[in-house]
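> what's the 3D shape of this:
(chains A, B, C, D, E and F)
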Protein chains: 6
Amino acid sequence: MIAHSFSGEIFGPAQQLHGATYGVEVEFRRAALDGDGLVCDIGLALKTLREVLGELNFKNLDELPELRGKNTTTEFMAGEIFCRMKARIATGAIGPGTAEALASMRVVLRESPVAWASFEAPLR
Amino acid sequence: MIAHSFSGEIFGPAQQLHGATYGVEVEFRRAALDGDGLVCDIGLALKTLREVLGELNFKNLDELPELRGKNTTTEFMAGEIFCRMKARIATGAIGPGTAEALASMRVVLRESPVAWASFEAPLR
Amino acid sequence: MIAHSFSGEIFGPAQQLHGATYGVEVEFRRAALDGDGLVCDIGLALKTLREVLGELNFKNLDELPELRGKNTTTEFMAGEIFCRMKARIATGAIGPGTAEALASMRVVLRESPVAWASFEAPLR
Amino acid sequence: MIAHSFSGEIFGPAQQLHGATYGVEVEFRRAALDGDGLVCDIGLALKTLREVLGELNFKNLDELPELRGKNTTTEFMAGEIFCRMKARIATGAIGPGTAEALASMRVVLRESPVAWASFEAPLR
Amino acid sequence: MIAHSFSGEIFGPAQQLHGATYGVEVEFRRAALDGDGLVCDIGLALKTLREVLGELNFKNLDELPELRGKNTTTEFMAGEIFCRMKARIATGAIGPGTAEALASMRVVLRESPVAWASFEAPLR
Amino acid sequence: MIAHSFSGEIFGPAQQLHGATYGVEVEFRRAALDGDGLVCDIGLALKTLREVLGELNFKNLDELPELRGKNTTTEFMAGEIFCRMKARIATGAIGPGTAEALASMRVVLRESPVAWASFEAPLR
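Next comes the predicted model:
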């Protein structure tokens, strides 16, 4: 649940400060399962996602220094969350060796019953 | 897809003009089916709902005279759409005799993947 | 997955033989849980539902003697499945004592992403 | 995400310690909206729900003293979460005056794509 | 909501005129967001989709000259809607420059709770 | 609906015998539709999927000889069902010529409202 405003005529009333509620999903992909038969440790993955979302939840995104000058649209935020997840995964947040084993990741943000955006990219 | 603003400290940044996208569902209830085996004519019901939503879609609700002074929250709009549907049904919009036969109606507005509001009441 | 045709001008092209695919859900209600902490035995409930649906699945409903002269609309079929479930429950299909303990039941048929019908009634 | 075991032959292999992941939804009902046009403060409602779930999440329910001797089935847990929410609401957790204004509440636990349980009751 | 019939023994009763209700979704993909932080103008995208669907909605597809001789299956219609969207996008319907910037598009038709089809292809 | 246990400390209480309920979806892909305008015969596809799931449903996976020594995680089972479907498709289970025409297939297992796994691969 965040607040933000957009810059640009195309956004109409959304140029003013307003709120949004996102449902966030992350999908991890790899060529073959690990020795335990897993893609990754789902407990660590959820913990990592919660930490990333904790940096954004209940915030006015306009006031976050690292997002200044950006239109924090749904599609932009999908990419932003992807980058924050990727950085943590690279430091072992979802398990040693998992960063190297994962091939790609997809982040989906659902903003309404009829609209969503996603960002996906290789992890290597 | 509407724009609106709320009045009251409890709304935080939503006191400023912002937008929302709703998924709208209507449920009709009656004690027994009609002679055709139907609750009502789903084609007429959809047409009526589209007419009601057409009065609100792509509008700034703050500028609609009939909503002035109201906080057009999701729960308020569920009731508002219920009333507009009920008025049209009473004049035969979804078929002659159907208004009398329907026992109750429920309107659901989905505003995000994790939030919805509904309004339900008898039709007689 | 059934085939059927409807009788009555209101149905337009659906007066001719056509097909439908339903998602079927059943909800059981009781005032208090049983000694095991259950509403009912979900395994027996699923088995009973499968038996009831097995009588209808891949059938041309127009050819079933017990449905002759009926418009087998989604709302009609919700009631029909309710009745068939209720009859089996009464003979102990979902466990001895459960028929007496259940207060009501609801059957939902989803016929498309935007349309469903349900039938609900007391079981006693 | 909890671990638990059930007692009783009817549960088959679920008599042994196993895990479950629930999606939890709460629905609040009242006869008329408050002065702000709201059913209740959704921010406080979510905070309260998170506190209640925080007492159960990542726990072995068999080891919680207050649940000892209970089969913590999905339907039982729906009632348990209802009671914990109700107790907090009574002490003003979702706003002063809201406890008195709410008519009833419903808690839904989704345990799989094809199974859910709910508990609903008046709040007064 | 369309009517149609199929040609070929494999279709069984669906060889006769029957109806279908589709939920339609369109997904746009590009390598990087535009200067506003957008994939495309969602308002124009919805308007364009509504225009395309308006050519088909409440029609008997068997009577549309451009579809004559085709089996208008769900998978065929996904491709048909893709082509109609692509043609409009190419003429600037969802914004100048967007046609060139989009990499690919996917159209999904949901025909029942358990069946859907999609068509996806590059836009360049 | 299966029972199973996992081997490895990472699984915590799931090392003990426990149960799971999966929603299973299969997606077939091909470059162009067949002469009837179809991806494949959905009736045969469902029949084949039911046969494959029939080998696993209501089973203790720990006791199936062909799965011995495997952790039958959701992601593993997605791959296992893929392989069983692929083998049947290769012998013509979903129609003569279809095996050669299909480009790839995807199997999705939904294990809870917030968790799923899939396996996808070319069919040729």
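> strands of chain A, start to end?
A:2-4, A:18-20, A:23-29, A:104-112, A:115-122 (DSSP state E).
> of the ones you listed, which is nearest chain E?
Distance to chain E, taken as C-beta to the nearest C-beta, is lowest for strand A:115-122 among those, at 6.6 Å. C-beta coordinates here come from the backbone N, C-alpha and C atoms, glycine included.
> quick check on the most far-flung residue of chain A relative to its centre: phi, psi?
What lies farthest from the middle of chain A is residue A:35; by C-alpha atoms, centre = their mean that is 27.6 Å. With angles defined as degrees, to the nearest 10, residue A:35 shows backbone torsions of phi -60, psi -20.
> measure it to chain E for me?
35 Å (C-beta to the nearest C-beta, to the nearest Å).
> check that residue and give its pLDDT.
The per-residue pLDDT reported for residue A:35 equals 95.
> could you do residue A:19 as well?
Predicted confidence (pLDDT) for residue A:19: 85.
> beta partners for residue A:108?
residue A:25, residue A:118 (DSSP bridges).
> contact partners for it?
A:24-27, A:78, A:116-118 (C-beta atoms under 8 Å, 6 or more residues apart in numbering or on different chains).
> now with 7 Å?
With contact taken as C-beta atoms under 7 Å, 6 or more residues apart in numbering or on different chains, residue A:108 is in contact with A:25, A:78, A:116, A:118.
> out of those, who's the most crowded?
residue A:78 (23 neighbours; other C-beta atoms under 10 Å in any protein chain shown).
> so that one is in contact with residue A:107, correct?
Yes: counting by C-beta atoms under 7 Å, residue A:78 does reach residue A:107; the two are 5.0 Å apart.
> what sits in contact with each of these two?
Common neighbours of residue A:78 and residue A:107 (C-beta under 7 Å, 6+ apart) are A:118-119.
> what residue in chain A comes nearest to chain E?
residue A:71 (3.4 Å).
> what's near enough to touch that residue?
Residues near residue A:71 by C-beta under 7 Å, 6+ apart: A:6-8, E:36-37.
> filter those residues down to the ones near chain B?
Near chain B, judged by C-beta under 7 Å from any C-beta of the partner chain, there are no entries from the contacts of residue A:71.
> quick check: the nearest residue to residue A:9 once chain neighbours are set aside vs chain D, distance?
Once flanking residues are discounted, residue A:9 sits nearest to residue A:15: 7.7 Å by C-beta to C-beta, 6 or more residues apart in numbering or on different chains. As defined by C-beta to the nearest C-beta, residue A:15 lies at a distance of 24 Å from chain D.
> got the contact list for residue A:15?
Residue A:15 neighbours (C-beta under 7 Å, 6+ apart): A:5-7.
> and with 10 Å instead?
Shown in contact with residue A:15 (C-beta atoms under 10 Å, 6 or more residues apart in numbering or on different chains): A:5-9, A:71, B:17-18.
> swap in residue A:28?
Taking C-beta under 10 Å, 6+ apart, we find residue A:28 in contact with A:38-40, A:42, A:45, A:85, A:89, A:94, A:98, A:101-106, A:123, F:75, F:117.
> give the contact list for residue A:47.
With contact set as C-beta under 10 Å, 6+ apart, residue A:47 has these partners: A:41, A:88, A:93-94, D:58.
> quick check: residue A:61 touching residue A:69?
No: with contact defined as C-beta atoms under 10 Å, residue A:61 and residue A:69 do not form a contacting pair (11.6 Å).
> how about the helix-or-strand element of chain A with minimal mean pLDDT and chain E, any contact?
For chain A, using mean pLDDT, DSSP states H and E, the weakest element among its helices and strands is strand A:18-20, scoring a mean of 86. No: using C-beta under 10 Å from any C-beta of the partner chain, strand A:18-20 stays clear of chain E, coming no nearer than 13.5 Å.
> hang on, the earlier thing: would you convert the contacts of residue A:108 into a markdown table that also reports pLDDT?
Shown next, in a markdown table, are the contacts of residue A:108 (pLDDT from 0 to 100):
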| residue | pLDDT |
| --- | --- |
| A:25 | 97 |
| A:78 | 98 |
| A:116 | 96 |
| A:118 | 98 |
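> max pairwise distance over those residues: which two?
A:25 and A:78 (10.0 Å; C-beta to C-beta).
> quick check: neighbours shared by those two?
Overlap of the contact sets of residue A:25 and residue A:78 (by C-beta under 10 Å, 6+ apart) consists of A:106-109, A:116, A:118.
> would you map the helices across chain A?
All helices of chain A, identified by DSSP state H, fall at A:42-54, A:74-90, A:98-101.
> show me what from chain A comes close to chain E.
With C-beta under 10 Å from any C-beta as the criterion, chain A meets chain E at residues A:6-12, A:70-79, A:111, A:114-120.
> how about 8 Å then?
When proximity is defined as C-beta under 8 Å from any C-beta of the partner chain, chain A approaches chain E at A:6, A:8, A:10-11, A:70-73, A:75-76, A:79, A:115, A:117.
> how much space separates residue A:19 from residue F:93?
Applying C-beta to C-beta, to the nearest Å, the value for residue A:19 to residue F:93 is 51 Å.
> identify the residue spatially nearest to the most centrally placed residue in chain A, adjacent ones excluded.
What sits nearest the mean C-alpha location of chain A, by C-alpha atoms, centre = their mean, is residue A:81, with 2.3 Å. Leaving out its chain neighbours, the residue that sits closest to residue A:81 by C-beta to C-beta, 6+ apart is residue A:107, at 4.9 Å.
> just the pLDDT for that neighbour.
Listed pLDDT for residue A:107 reads 98.
> so who does it touch?
Contacts for residue A:107 (C-beta under 8 Å, 6+ apart) come out as A:24-27, A:78-79, A:81-82, A:85, A:118-120.
> okay if I get the strands of chain A as CSV plus distance to residue C:54?
Output for the strands of chain A, formatted as CSV (distance: least, C-beta to C-beta, whole Å):
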stretch, distance to residue C:54
strand A:2-4, 49
strand A:18-20, 46
strand A:23-29, 36
strand A:104-112, 37
strand A:115-122, 37
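> thinking again about what came up before, which one of the contacts of residue A:15 sits closest to chain F?
Closest to chain F, out of all of those and judged by C-beta to the nearest C-beta, is residue B:18, at 28.1 Å.
> hmm, the closest one is touching residue A:19, no?
Yes: at 6.3 Å, residue B:18 counts as touching residue A:19 under the criterion of C-beta atoms under 8 Å.
> how about the residue in chain A positioned nearest to chain F: what's its closest non-neighbour residue?
Closest approach between chain A and chain F, counting by C-beta to the nearest C-beta: residue A:37, at 3.4 Å. Among residues not flanking residue A:37 along the chain, residue F:71 sits closest, at 3.4 Å (C-beta to C-beta, 6+ apart).
> what's the separation between that neighbour and residue F:23?
20 Å.
> and residue A:41, by the same measure?
Residue A:41 is 23 Å from residue F:23, where distance means C-beta to C-beta.
> residue A:91 now?
35 Å.
> close enough to count as contact, residue A:80 and residue A:73?
No: at 10.1 Å, residue A:80 does not count as touching residue A:73 under the criterion of C-beta under 8 Å.
> for chain B, what are the nearby residues on chain A?
A:3, A:12-14, A:16-23, A:60, A:110-115.
> pull out the buried members of the contacts of residue A:71.
Buried members of those, scored by 16 or more other C-beta atoms under 10 Å in any protein chain shown, are A:6, E:36-37.
> tell me which of the contacts of residue A:108 is nearest to residue C:65?
Distance to residue C:65, by C-beta to C-beta, is smallest for residue A:116 among these, at 47.9 Å.
> which residues sit in contact with the closest one?
With contacts defined as C-beta under 8 Å, 6+ apart, residue A:116 is in contact with A:74, A:108-110.
> out of those, who's nearest residue A:54?
Nearest to residue A:54, judged by C-beta to C-beta, of those is residue A:109 at 15.9 Å.
> before we move on, the earlier item: filter the residues of chain A next to chain E to the buried ones?
A:6, A:10-11, A:70-73, A:75-76, A:79, A:117.
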